[in-house]
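Student: The sequence and its predicted three-dimensional model are supplied below.
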Amino acid sequence: MQPELKIIGGGLAGCEAAWQAAERNIHVQLFEMRPEKMTGAHQSAWLGELVCSNSLGSKLRENGSGLLFHEMKDLNSVICRVAEQSAVPAGSALAVDRHVFAETLTDLIATHPNIEIIREEITQIPNTPAIIASGPLTSPALATSLAAFHGKENLFFYDAIAPIITADSIDMTIAVRGSRYGKGEDNAGDYINCPMDQATYTHFVEQLATAEQIHLKSFEHEIENGVNAGPAKFFEGCLPIEIMARRDAATLAYGPLRPVGLRKLFKGDAPFAIVQLRQDDLTHHAYNMVGFQTNLTYPEQKRVFRLIPGLEQAKFIRYGQMHRNTFLCAPSLVNQTLQTKKAAWLFFAGQIIGVEGYLGNAASGLIAGINASRQLKGDSLLAFPRECMTGALCSYIANADCETFQPMKANLGLLPPLQFRIRDKQERKAALANRALRAFRNYATMNNAYH
């Protein structure tokens, strides 16, 4: 009889887990509550819907997400495959047409002979082999069940989404195409850049810092006094832009609006700051405002963001918004194989255990899917070495200090230091990446991970 596995959640982690298990001849029941029950951020019933940015991070091996991408491709990642098929120009980043991405992924998952998609909310942890990949927008009923199983209060932080505007509303007599340092797939440049002089920037930051935010819902009022997610109220990797503006007037000029590598695009005086717009679809119709995650009211977004030179007539396809993300204290819940410490038949993956970033989520689903399959077949579970990015990320999730545990993206700082010193930064990154890929492939080959 074919082994069976339940997977809760049809996001990136759940889809990757389902694919890996199905490819290993496991019958998968993939449960997704949408569209029967929607979340506060999703807009469709597609599997793998990207609710925040359309970028999966860098493609370069010498970057944390890029290294993870190359490791995942080695193990036939469905998320990596679909991302490449739906890619849009974004310099060294892997950005996708979010609609093509979700539709393609849904079709691949739905047509796999070993995967059954069930549109139903799961409110209790299954008592049969399962992977929980319900994400940061887990339904309240399931979150309650998870807290009871875990024996700890759920943690949470506040995440935000950037606006998307139409291409035809951008004033290209002011904005200029180009990529930082000329790096990109398109000769004209993969981004649209809106320049600001210092006076314009100062006025913009003042208006941004004092603009009206969307009123918090009753369950979100904890944000006013601090959030039980370590030392910060927000996940630092995705702060609302108005929060950054309030920290210091120069924060944005040294952050998402930094003009480094772009000044030569403009004639005359170099811009003091630059707002970048990244293509969001294959038809060049929609552009994402890079780094502009926000919780401002919709009228304030229109008013303040139209102060940006070139965006005076901006038409918004989607306004930015903020939402609460729930996650568990993974170090007390799972080991490095992503198997729970309490129940051998249960695995976790994705943002629900504090993995951050699209590729990180998918990678955790990949490991959980492989290991749940091996568990069902009676094989030993895989714990990739810390020298590779996959192993380093899983190691952090399993071994971090619960008192200061925060969601973590793939980054080279998770890798053990080299045994020899390399002064040049780029050479050091290349050495770390080369060592990581060797370690990953050697471990995968020795432990029969490819089947």
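Tutor: Sure, I can see it. Remember, predicted model here, so these are calculated numbers, not experimental data. Numbers count the residues shown, from 1 in each chain.

Student: what number of residues lie near residue 180?
Tutor: With neighbours defined by other C-beta atoms under 10 Å, the count for residue 180 comes to 20. Yep, even glycine has a C-beta here, placed from its N, CA and C like the rest.

Student: Correction: the previous question concerned residue 144.
Tutor: Neighbours around residue 144, by other C-beta under 10 Å: 14.

Student: Am I right that it sits in a helix?
Tutor: Yes: the assignment for residue 144, made by DSSP: H, G, I helix; E, B strand; the rest coil, places it in a helix.

Student: Return the distance of it relative to residue 323.
Tutor: 19 Å (C-beta to C-beta, to the nearest Å).

Student: before we move on, what about residue 65?
Tutor: For residue 65, the distance to residue 323 (C-beta to C-beta) stands at 22 Å.

Student: Those two: which has the busier surroundings?
Tutor: Neighbour totals were compared for residue 65 and residue 323, and residue 65 leads with 23 against 19 (other C-beta under 10 Å).

Student: Would you confirm that the more buried one contacts residue 55?
Tutor: No: using C-beta atoms under 8 Å, residue 65 makes no contact with residue 55, being 9.2 Å away.

Student: Any buried residues in stretch 277-285, and which?
Tutor: For stretch 277-285, burial by neighbour count (16 or more other C-beta atoms under 10 Å) applies to 277, 278, 279, 280, 281, 282.

Student: repeat for stretch 110-121
Tutor: Per 16+ other C-beta under 10 Å, stretch 110-121 contains these buried residues: 112, 114, 115, 117.

Student: And for the longest helix along the chain, what's in contact with it?
Tutor: For the chain, the helix reaching the highest residue count under DSSP state H is reported as helix 425-446. Residues outside helix 425-446 that contact it (C-beta atoms under 8 Å, 6 or more residues apart in numbering) are 61-63, 67, 70-71, 74-75, 382, 384-385, 387-391, 412, 415, 418, 422, 449-450.

Student: Now a ChimeraX select for only the buried ones of those.
Tutor: Only the buried entries of those go into this ChimeraX selection, using 16+ other C-beta under 10 Å:
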select :61,62,63,67,70,71,74,75,382,384,385,387,388,389,390,391,412,415,449
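
Student: which one in the chain is furthest away from the centre?
Tutor: Centroid-distance maximum for the chain: residue 268 at 37.9 Å, with C-alpha atoms, centre = their mean.

Student: my read is that one is in a strand, agree?
Tutor: No: remark: residue 268 does not belong to a strand; assigned using three-state DSSP, it is coil.

Student: phi, psi of it?
Tutor: phi 80, psi -150 (degrees, to the nearest 10).

Student: neighbouring contacts of stretch 47-55?
Tutor: 10-12, 14-15, 30, 32, 41-43, 79, 82, 88, 90, 93-98, 101-102, 105-106, 109-110, 117, 159-162, 238, 278, 280, 288, 293, 358.

Student: tell me how far the ends of it are from each other?
Tutor: Start and end residues of stretch 47-55 are separated by 17 Å (C-alpha to C-alpha, to the nearest Å).

Student: Give the rounded mean pLDDT of it.
Tutor: Mean pLDDT, stretch 47-55: 90.

Student: chain center to it: distance?
Tutor: Put simply, stretch 47-55 sits 8 Å off its chain's centre (C-alpha atoms, centre = their mean, to the nearest Å).

Student: so which strand or helix has residue 116?
Tutor: Using DSSP states H and E, residue 116 sits within strand 115-118.

Student: Which strands and helices lie in contact with the following helix or strand past that strand?
Tutor: Elements were assigned by DSSP H and E; along the chain past strand 115-118, the next helix or strand is strand 130-132. Packing partners of strand 130-132 (3 or more C-beta pairs under 8 Å, 6 or more residues apart in numbering; DSSP states H and E): strand 4-8, strand 346-348, helix 358-377.

Student: now for these, which one comes closest to residue 272?
Tutor: helix 358-377 (31.7 Å; C-beta to C-beta).

Student: quick one, that closest one and strand 4-8 angle?
Tutor: 150 degrees (axes from the mean of the first three to the mean of the last three C-alpha atoms, to 10 degrees).

Student: tell me what helix 358-377 is packed against?
Tutor: Counting contacts by 3+ C-beta pairs under 8 Å, 6+ apart, helix 358-377 packs against strand 4-8, helix 12-23, strand 55-58, helix 64-74, helix 78-85, strand 130-132, strand 346-348, helix 389-399.

Student: Tally up the residues packed near residue 437, please.
Tutor: What residue 437 shows, counting by other C-beta under 10 Å, is a neighbour count of 18.

Student: what are the ranges of the strands in the stretch 251-400 of the chain?
Tutor: Along the stretch 251-400 of the chain, counting by DSSP state E, counting those that start in this stretch, strands occupy 273-279, 286-289, 316-318, 321-327, 346-348.

Student: Mean pLDDT and distance to residue 199 for those - can I get that in TSV?
Tutor: As requested, the strands of the stretch 251-400 of the chain are exported to TSV (pLDDT from 0 to 100; distance: least, C-beta to C-beta, whole Å):
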stretch	mean pLDDT	distance to residue 199
strand 273-279	95	11
strand 286-289	94	21
strand 316-318	90	26
strand 321-327	79	30
strand 346-348	98	51
